[in-house]
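1. heads up, no residue letters with this:
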């Protein structure tokens, strides 16, 4: 059966909507600008008034999370960062605590390759602002000083909503997890209100429930080195998330050298062995953080981290264009005619 290709976001993540013999149920869509990206909400096959009410509630919740979890603007997380630097006990806003708790767990599970405590390092690279950095990159001495401070999520101690850090260099930035957690909460809200078929696409990272008519939701994964090109497609099962980290998402060029935003906390510099990583997982927050951690791990270490994080569906494209993929992921991928070099590896 032929399919119609519908653009969800202008960064080349697609949803393939399959045609049906009978008139299709209605879709209700809304696009919001939160977490520094466009968030597309599509609710399928439900009452118009119910869809409108849900989209309004979701918009309010996403805007609240965006304000509460922003790492450098005034708000609960901004206040938390100010007080963490004082290394004394304080009462954190309850909205921040789930980020800290889950962030510590994912930091541990990823051997520290996902590290939300590196906010100061991201600031050195200029990624603590909405506009792209203009350069120059931080000096070697600045990187060395930051590495000597070694901020980690294990530096943070919690007792209920009481929090302190033993390391004044800790500055929290949950940019590699907050979007996933927000998507999880939106999907959960939709399900609790009786919505059975929907997809939430946050800047190309998404989670779906139900189906799109008589077929599963089907999405495309961007080719990391061919603008406007889709590398592969995959069907998304009910309550699955698909998240991709790529070095093409945020970067700048200074004196002919390209610097992207996915920083290796072990070296202080952008990770250089991967171009994109895609993870499928039931929890969007886990998929979000794992895609970052595996990108940093690169082709030599990704299997170890995937095993520790208990990931089944992973695809990593390295800097040479070779695709490293788990057997389970390989069975689900449609390469859309692309000629790829595959290396299938079990974590």
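-> Arrived safely, thanks for sending. The model shown is predicted, which means the values in this text are computed figures rather than measured ones.
2. residue 209 pairs with what?
-> residue 198 (DSSP bridges).
3. pLDDT below threshold where in the stretch 151-300 of the chain?
-> The model of the stretch 151-300 of the chain has no residue with pLDDT under 70.
4. name the residues of stretch 164-184 that are buried.
-> Residues of stretch 164-184 classed as buried: 164-165, 167, 169-184 (neighbour count, 16 or more other C-beta atoms under 10 Å). From N, CA and C alone the C-beta is placed, and that goes for glycine too.
5. from the residues you listed, which land in helices?
-> Mapping the buried residues of stretch 164-184 onto helices (DSSP state H) picks out 178, 179, 180, 181, 182, 183, 184.
6. can you give me the strands in the stretch 101-250 of the chain?
-> Taking DSSP state E, counting those that start in this stretch as the criterion, the stretch 101-250 of the chain carries its strands at 156-159, 162-165, 198-202, 205-209, 217-222, 230-236, 240-246.
7. between these, which one is closest to residue 148.
-> Residue 148 sits nearest to strand 162-165 of all the strands of the stretch 101-250 of the chain, at 16.6 Å, using C-beta to C-beta.
8. any idea how far residue 42 is from residue 198?
-> Separation of residue 42 from residue 198 (C-beta to C-beta, to the nearest Å) stands at 6 Å.
9. over to residue 56?
-> From residue 56 to residue 198 the distance is 15 Å (C-beta to C-beta).
10. between those two, which one's more packed in?
-> The residue with more neighbours, out of residue 56 and residue 198, is residue 198; 26 against 11, by other C-beta atoms under 10 Å.
11. isn't that one right next to residue 189, touching?
-> No - in this structure residue 198 lies outside contact range of residue 189 using C-beta atoms under 8 Å: 10.3 Å.
12. distance of residue 328 relative to residue 313?
-> For residue 328 relative to residue 313 (C-beta to C-beta), the value is 6 Å.
13. so which bits of stretch 81-101 are buried?
-> 81, 83, 84, 92, 95, 96, 97, 99, 100.
14. stretch 222-235 now?
-> For stretch 222-235, burial by neighbour count (16+ other C-beta under 10 Å) applies to 222, 223, 224, 230, 231, 232, 233, 234, 235.
15. same check, this time on stretch 332-343
-> Buried residues in stretch 332-343, counted by 16+ other C-beta under 10 Å: 332, 333.
16. how far does it sit from the chain's center?
-> Centre-to-centre, stretch 332-343 and its host chain are 23 Å apart (C-alpha atoms, centre = their mean, to the nearest Å).
17. please name the nearest non-neighbouring residue to the residue nearest the centre of the chain.
-> Nearest residue to the geometric centre of the chain (C-alpha atoms, centre = their mean): residue 288, 3.4 Å. Nearest residue to residue 288, sequence neighbours excluded (C-beta to C-beta, 6 or more residues apart in numbering): residue 180, at 2.9 Å.
18. OK, contacts around that neighbour?
-> Taking C-beta atoms under 8 Å, 6 or more residues apart in numbering, we find residue 180 in contact with 205, 241, 243, 283, 284, 285, 286, 287, 288, 289.
19. next: residue 28.
-> With contact taken as C-beta under 8 Å, 6+ apart, residue 28 is in contact with 42, 43, 44, 46, 48, 51, 52, 55.
20. again with residue 209
-> Contact analysis of residue 209 by C-beta under 8 Å, 6+ apart lists 187, 190, 191, 195, 196, 197, 198, 199, 238, 239.
21. do I have it right that the first one meets residue 202?
-> This means residue 187. No - the pair residue 187 / residue 202 is not scored as a contact, 11.0 Å apart, by C-beta under 8 Å.
22. which one's more surrounded, those two?
-> Remark: of residue 187 and residue 202, residue 202 carries more neighbours, 25 against 22, as counted by other C-beta under 10 Å.
23. ok, the more buried one to residue 34 distance?
-> Distance of residue 202 to residue 34, computed by C-beta to C-beta: 8 Å.
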